[in-house]
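**Student:** Test case, fold it:
(2 chains)
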Amino acid sequence: AQSVTQLDSQVPVFEEAPVELRCNYSSSVSVYLFWYVQYPNQGLQLLLKYLSGSTLVKGINGFEAEFNKSQTSFHLRKPSVHISDTAEYFCAVSVGTGNQFYFGTGTSLTVIP
Amino acid sequence: DGGITQSPKYLFRKEGQNVTLSCEQNLNHDAMYWYRQDPGQGLRLIYYSQIVNDFQKGDIAEGYSVSREKKESFPLTVTSAQKNPTAFYLCAAGGAGAYEQYFGPGTRLTVT
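**Tutor:** Model prediction:
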């Protein structure tokens, strides 16, 4: 079975500082990779996705992520965070064409003014 | 306005009662999903449906039931057999070729 590990449950960072949220997955076969953001009491919104091609993918709100096949990682980065980036972030993996997702346990990002 | 709607936003029930959560989509996606979210546990799959009149159990299906009579609708019933039903429930939709899943705003169920 597929597993997704988000190594940090909570990440505090000062406003305008860079941030990296880490994600590792277990599968060695072809995967599709996603990052979602969730604001309090809301659903999940897609930040970015990796399907194929360039390993560096750019998403909304200035976020980007890099797919590293050898390390089975898909870390999310932003060079300068804003207060509005405070939210829960989920990494997800889909294997094959079944469209079934496997989610990490989430990372709570808190941006400190 | 396209998307996924879930109603109600907040739901309160007494222990021992069944309750049905609504999920409707107008994205024309074939597949629909129900997840449960608890603090610190991420999202856990309850049921999913790839096509009308067919659905499969996810990782935590016990105490839940679903139906898929229409492509647009995938209601979830939380039965009295679910031992710890208080949680945030999320519905999602996706389709072949779409890859990503699209989520509704969620329903927070509180059972006392």
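
**Student:** so what's residue 43 up against?
**Tutor:** By default, I'm working from chain A. B:4, B:6, B:90, B:103-106 (C-beta atoms under 8 Å, 6 or more residues apart in numbering or on different chains). C-betas here are computed from N, CA, C, even on glycine.

**Student:** right idea, wrong chain: chain B
**Tutor:** Here B:Leu43 is in contact with A:44, A:90, A:103, B:35-37, B:90 (C-beta under 8 Å, 6+ apart).

**Student:** Quick one, which of those residues are buried?
**Tutor:** A:44, A:90, A:103, B:35-37, B:90 (16 or more other C-beta atoms under 10 Å in any protein chain shown).

**Student:** From the residues you listed, which shows the smallest pLDDT?
**Tutor:** Note: of the buried ones among the contacts of B:Leu43, the lowest pLDDT belongs to A:Phe103, at 91.

**Student:** From what I see, it and A:Cys91 are in contact.
**Tutor:** Yes: the criterion here is C-beta atoms under 8 Å, and A:Phe103 meets it with A:Cys91 at 7.3 Å.

**Student:** The residue positioned nearest the centre of chain B - nearest residue in space that isn't next to it in sequence?
**Tutor:** The residue lying closest to the centre of chain B (C-alpha atoms, centre = their mean) is B:Trp34, at 3.1 Å. Once flanking residues are discounted, B:Trp34 sits nearest to B:Ile46: 4.3 Å by C-beta to C-beta, 6 or more residues apart in numbering or on different chains.

**Student:** ok, that neighbour to chain A distance?
**Tutor:** Distance from B:Ile46 to chain A, counting by C-beta to the nearest C-beta, to the nearest Å: 13 Å.

**Student:** buried ones in stretch A:11-21?
**Tutor:** Using 16+ other C-beta under 10 Å as the test for burial, stretch A:11-21 gives A:11, A:13, A:19, A:21.

**Student:** ok, and which of those residues reach chain B?
**Tutor:** Contacts with chain B within the buried residues of stretch A:11-21, counted by C-beta under 8 Å from any C-beta of the partner chain: none were found.

**Student:** Close to chain B: what parts of chain A are there?
**Tutor:** A:9, A:32, A:34, A:36, A:41-46, A:49, A:51, A:90, A:92, A:94, A:97-101, A:103-106.

**Student:** picking that back up, which neighbours do A:Phe103 and A:Cys91 share?
**Tutor:** Shared contacts of A:Phe103 and A:Cys91 (C-beta under 8 Å, 6+ apart): A:Val4.
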